[in-house]
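Engineer: Provided below are the primary sequence and the corresponding predicted coordinates.
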Amino acid sequence: MDEKAVNQDDVSSAKLALELDVNLKPFNTFGLPATARRLVRIREAADVRRVVDHPEFGRAPKFVLGGGSNLVLTKDIEAVVLKMEIPGMRLVEERDDAWIIEAGAGVPWHDLVAWTLNQGYPGLENLALIPGTVGAAPVQNIGAYGLEVQDRIESVEVVDLVTGRAVRLPASVCKFGYRDSVFKHSDFGGLAGKSVITYVRFALPKPWRPVLGYLELERKMSETGITAPTARQIFDWVCAIRRAKLPDPAVIGNAGSFFKNPLVTAEQCRDIIGRDPSVVHYQMPDGQIKLAAGWMIDACGWKGKAVGGAAVYERQALVLVNRGEARGAEVVTLARAIQESVYGRFGIRLEPEPVLL
Ligand code: EPU
């Protein structure tokens, strides 16, 4: 479609895949009840343009919904919900040093990991089985088993929610940090609420090298006697490790890790170790120390505890689950009680990882 044709369609609400009073329970992995007054399915980048140019929705606040896997819904959403469903995965370019892959924001993340591996473009295997969509991956810089998605992102294409213009941002300007990026903040030049991610390009390095070193992968290596695993073996190991201790959102509602692992100074850490010598912690390259929030919550005795339908998962205390008919308010009450108790014992204020709405 050329630029002119897009513009002619822009103001036609008939062209928008608009739905009213949509039940969001199936669209958030926690399975929390809430309603979107207006929801537009975004199936191509031009759909964002159509929303922006729309006489009624153009200026209304927007809320971008990916796979809903990092979201705690405590109320109905009055903003126009843009449900990202842009499909597509392709090899853009094969360079000497990398395969460049592009995927649409609506592609389920794990589908991309499996597809790249099947096509012979390894490099994402450590991130297998992470719930959510491709478009959400850069927002919180998803990470697991020694790899963060920032290590594989080449650029992110966004559409401005005021001008409707598309821009490709190189990874270097995305301000990636631990579960953090420019897309997560609205202040200090952040892009949250100002633009929407439509496509992500990945650079998967050639030659492929395994990312090992994470304790549980080391354990798999010694159990199997495999010292030089293939990408497929790492993929299978990661899937097995995750399935053993993380609840499948299709079976039991959850949003993955509920809190970030806090970073503290060496001095703070010495103080905490003084109180509890067994606290699990990791030295970071910049001198800070990352504490295992799951360990601290577990040490405070939270595993299996519940507030209404919201509970702390029995096998991994960092994960809160929906045991049935949980409401967002119950999840928030449980989370606050956990924060209080961890603060009381360790003097550390845990920060939620998902967006609380
Ligand atoms: N631990 C306990 N009890 C618990 C939970 C954990 O003692 O109930 C201990 C574990 O034994 C381990 C340490 O705490 O020694 C860390 O636990 P684990 O290796 O399971 O990892 P995590 O820190 O809980 C982080 C990520 C996960 C990611 C894994 C693997 C965050 C907030 N979470 O979890 O990411 O899959 O490492 O790399 O960084 C997510 O972000 O949603 C997520 C699942």
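Structural biologist: That came in fine, so what should we check first?

Engineer: next to the ligand, which bits of the stretch 251-357 of the chain? Give me the list.
Structural biologist: Residues of the stretch 251-357 of the chain lying near the ligand by C-beta under 6 Å from any ligand atom: 256-257, 260-261, 280, 292, 294-295, 298, 316-318, 353. Where you see a C-beta, it was placed from the backbone N, CA and C, and this is true even at glycine.

Engineer: likewise the chain?
Structural biologist: For the chain, the contact set with the ligand under C-beta under 6 Å from any ligand atom comprises 144-145, 246, 256-257, 260-261, 280, 292, 294-295, 298, 316-318, 353.

Engineer: among those residues, which one sits closest to residue 200?
Structural biologist: residue 144 (17.2 Å; C-beta to C-beta).

Engineer: neighbours of the closest one, how many?
Structural biologist: By other C-beta atoms under 10 Å, 19 other residues sit near residue 144.

Engineer: ok, and the closest non-adjacent residue to it?
Structural biologist: Leaving aside its chain neighbours, residue 144 sits nearest to residue 127 (5.8 Å; criterion: C-beta to C-beta, 6 or more residues apart in numbering).

Engineer: same deal with residue 204?
Structural biologist: residue 123 (3.4 Å).

Engineer: ok, residue 152 next?
Structural biologist: Distances taken as C-beta to C-beta, 6+ apart place residue 202 nearest to residue 152, at 4.9 Å, with adjacent residues excluded.

Engineer: so how far is the helix or strand encompassing the one you found off the chain centroid?
Structural biologist: Assigned by DSSP states H and E, residue 202 belongs to strand 195-205. Taking C-alpha atoms, centre = their mean, to the nearest Å, one finds the center of strand 195-205 at 14 Å from the center of the full chain.

Engineer: mind checking pLDDT for the residue in the stretch 101-250 of the chain positioned nearest to the ligand?
Structural biologist: Across the stretch 101-250 of the chain, the shortest distance to the ligand (C-beta to the nearest ligand atom) belongs to residue 144, at 3.6 Å. pLDDT recorded at residue 144 is 97.

Engineer: what's across from it in the sheet?
Structural biologist: With DSSP bridges as the criterion, residue 144 is bridged to residue 147.

Engineer: which stretches of this structure have low pLDDT?
Structural biologist: Residue ranges of the chain with pLDDT under 70: 1-14.

Engineer: and residue 343, how close does it get to the ligand?
Structural biologist: Counting by C-beta to the nearest ligand atom, to the nearest Å, the gap from residue 343 to the ligand is 17 Å.

Engineer: what strand or helix carries that residue?
Structural biologist: helix 328-346.

Engineer: parallel or antiparallel, list what pairs with the helix or strand just after that helix.
Structural biologist: Using DSSP H and E, the helix or strand that follows helix 328-346 in sequence is strand 355-356. Using DSSP bridges, the strands paired with strand 355-356 are strand 71-72 (parallel).

Engineer: keeping just the C-alphas, turn stretch 133-142 into PDB.
Structural biologist: The C-alpha trace of stretch 133-142 is given here as PDB (Å, rounded to 0.1, in the frame of the first residue of the first chain):
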ATOM      1  CA  THR A 133       5.200 -11.000  22.400                       C
ATOM      2  CA  VAL A 134       8.200  -9.800  20.300                       C
ATOM      3  CA  GLY A 135       7.100  -6.200  20.700                       C
ATOM      4  CA  ALA A 136       7.100  -6.400  24.500                       C
ATOM      5  CA  ALA A 137      10.600  -8.100  24.700                       C
ATOM      6  CA  PRO A 138      12.600  -4.800  24.400                       C
ATOM      7  CA  VAL A 139      10.300  -2.900  26.800                       C
ATOM      8  CA  GLN A 140      11.500  -4.700  29.900                       C
ATOM      9  CA  ASN A 141      14.600  -6.200  28.200                       C
ATOM     10  CA  ILE A 142      13.600  -9.800  28.900                       C
END
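
Engineer: show me where the stretch 151-300 of the chain has its strands.
Structural biologist: 153-160, 166-170, 195-205, 253-257, 263-264, 281-283, 289-291 (DSSP state E, counting those that start in this stretch).

Engineer: ok, which of those strands comes nearest residue 33?
Structural biologist: strand 253-257 (10.9 Å).

Engineer: re the thing from before, wait, doesn't the residue nearest to residue 144 sit right on residue 116?
Structural biologist: No - the pair residue 127 / residue 116 is not scored as a contact, 10.4 Å apart, by C-beta atoms under 8 Å.

Engineer: which SS state does the nearest residue to residue 105 once chain neighbours are set aside fall under?
Structural biologist: Excluding its sequence neighbours, the residue lying closest to residue 105 (C-beta to C-beta, 6+ apart) is residue 135, at 2.7 Å. Reduced to three states with DSSP: H, G, I helix; E, B strand; the rest coil, the structure at residue 135 is coil.

Engineer: wait, what's in contact with the residue nearest to residue 152?
Structural biologist: 100-103, 116, 123-124, 152-154 (C-beta atoms under 8 Å, 6 or more residues apart in numbering).

Engineer: could you pull out the helices for the stretch 151-300 of the chain?
Structural biologist: Assigned helices in the stretch 151-300 of the chain, in chain order: 215-224, 231-245, 266-275, 293-299 (criterion: DSSP state H, counting those that start in this stretch).

Engineer: please produce TSV containing the ones you listed, extended by mean neighbour count and distance to residue 165.
Structural biologist: Formatted as TSV, the helices of the stretch 151-300 of the chain follow (neighbours: other C-beta atoms under 10 Å; distance: least, C-beta to C-beta, whole Å):
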stretch	mean neighbour count	distance to residue 165
helix 215-224	13	42
helix 231-245	17	37
helix 266-275	13	44
helix 293-299	21	39
